[in-house]
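In: The following comprises the amino acid sequence and a computationally predicted model.
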Amino acid sequence: MGKNLASIAKAKKIKYFLISFVDLFGVLRSKLVPTRSIAEMQKNGAGFGGFAAWLDMTPADPDIFAIPDTDSLIQLPWNKEVGWLASDLYMNGKPVEASPRVMLKNQINNLSKKNLTMKSGVECEYFLLTPDASNIADPRDIQSKPCYDQLALMRRYDLIKEICDSMIELGWGPYQNDHEDANGQFEMNWDYSECLMTADRHTFFKFMVKSLAEKHGLRASFMPKPFQNLTGNGCHAHISVWQGNNNKFLDKSDRLGLSRLAYNFLGGIMKNAESLSAFFNPTINSYRRINAPPTKSGASWSPSSISYSGNNRTHMIRIPDDGRFELRLMDGSANPYLLQAGVIAAGLYGLNNKSDPGEPLNCNMYTDYKQYPNLARLPDDLEKSLEKLNESKNIKEAFGESVINSYIKLKNLELDSFYEEENFDKRSPVTQWEKNNTLDC
């Protein structure tokens, strides 16, 4: 049962609870529950019709029930009357296997069988736009290389401060905020933690940024590539695996500071990167960012090939410091739970099969990729990613074939909807369909 939510509500003066879950497309679904009902909801869950969300159910299926995880409770810093709760989905008393938070918890359990846990941090990039999303919100943000622009950052001080103050109040340990490589783009970083907590916080962060941006008369978007000529929104993940207080990725005697276990884990991610791009880059718009040509700033900052390096941002994986690596494949539309679940599943494959990632490459991959013709390239559209996922025995074994089939089925429905209206060409302007379906991802 966990903590007593009714007692917490009384002590913290919470009047309502958002009982929330994320569906397979990363959409945050919730019910607003008055405190008088929270004891019942804590016991039996809030009921939803699963067909109304992206969960591959029919109108004839029984209700699903979102059982709140009391450890995930966040009292909204900007509205103290409301508490937010992440939840796990159940149907007929059993977990819904094709629900993202359950998928992540299953992978955490698989990793725990090796007496290991994964810790992670995410770097969430987003654009601040005009309310109609037709342009960036700051008309003076026009530098060709706008990254770290102090003036553009400080013109958004009131909003950035409110978001960062909220994270400080919540105990997340935020440590830096910056203007990113595209005009109108920002990034905010907070401390890494156990991966389920990171996924919950990632989910709430997106909700918080959008909510506070609206409060300030703006629109925030994590859309991978809302503007053709500007750098897209990445969501890089920093990964390490622990045994108690012992970082099992750390080996100071190694030239890059990684243990053999870390290289095996990294090798598993490289082995499964093509299929997992369907999780990590899950939208049609995602593939305007992957394999993208140079942007206005001079570089796309997104990967094109499946490679790793030391502290070199042109590769899919970089090792910036001892005992961890950064996976740069994901974008802003990635489902927070499937992001973490996919990393564990691929890493476990690498541990079980002692995957060897080969030697690191130290080149500028953006300019020198032709020198490595045998290096695998990332899929360049969602259809190819889904084909790779469908062909992947490794990922189907990790998550269950029915779960992966459900994901592919729903994504193909999305593709059908798109092709009824648009023809996709990464060289053409971003389509209205992409904006309508991805701006609020």
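Out: Received the coordinates, thanks. Residues are numbered from 1 along each chain as shown.
In: Low-confidence ranges, the stretch 301-441 of the chain, go.
Out: 426 (pLDDT under 70).
In: The same query, at a cut-off of 90, please.
Out: Within the stretch 301-441 of the chain, the ranges that satisfy pLDDT under 90 run 304, 369-370, 419-429.
In: check contacts around the residue nearest to Asp251 when sequence neighbours are not counted.
Out: Setting aside the residues directly before and after it, Asp251 is nearest to Ser259 in space (CB to CB, 6 or more residues apart in numbering), at 4.0 Å. Every residue, glycine included, has its C-beta placed from N, CA and C. Residues counted as contacts of Ser259 (CB atoms under 8 Å, 6 or more residues apart in numbering) are Lys248, Phe249, Leu250, Asp251.
In: Verify the stated contact: Met167 with Tyr175.
Out: No. With contact defined as CB atoms under 8 Å, Met167 does not count as touching Tyr175 (9.6 Å).
In: any common contacting residues for those two?
Out: With CB under 8 Å, 6+ apart, Met167 and Tyr175 have common neighbours Trp190.
In: more neighbours, these two?
Out: Met167 (22 against 11; other CB atoms under 10 Å).
In: Spatially, what comes nearest to that one if we skip its sequence neighbours?
Out: With sequence-adjacent residues excluded and distances taken as CB to CB, 6+ apart, Met167 is closest to Pro174, at 4.1 Å.
In: just Ile160 next, same as before
Out: Asn177 (5.2 Å).
In: number of nearby residues for that neighbour?
Out: Other residues near Asn177 come to 17 when the count uses other CB under 10 Å.
In: Tell me the spacing between it and Met167.
Out: 10 Å (CB to CB, to the nearest Å).
In: again with Asp141
Out: Distance from Asp141 to Met167, counting by CB to CB: 23 Å.
In: what do you get for Phe17?
Out: Taking CB to CB, one finds Phe17 at 21 Å from Met167.
In: Next: Glu414.
Out: Taking CB to CB, one finds Glu414 at 32 Å from Met167.
In: Strands along the stretch 201-350 of the chain, start to end?
Out: Using DSSP state E, counting those that start in this stretch, the strands of the stretch 201-350 of the chain run over 219-221, 235-243, 246-247, 308-309, 317-321, 324-327.
In: quick one: which of the ones you listed is nearest Glu434?
Out: Checking those against Glu434 by CB to CB gives strand 219-221 as the closest, at 11.4 Å.
In: List the strands paired with the closest one, with their directions.
Out: strand 117-129 (antiparallel) (DSSP bridges).
In: what angle separates the strand it pairs with from strand 235-243?
Out: With axes from the mean of the first three to the mean of the last three CA atoms, to 10 degrees defining the directions, strand 117-129 sits at 170 degrees from strand 235-243.
In: any idea how the protein splits into domains?
Out: The chain breaks down by automatic domain parsing into domains covering 5-96, 107-438.
In: Fine by me, we can end here.
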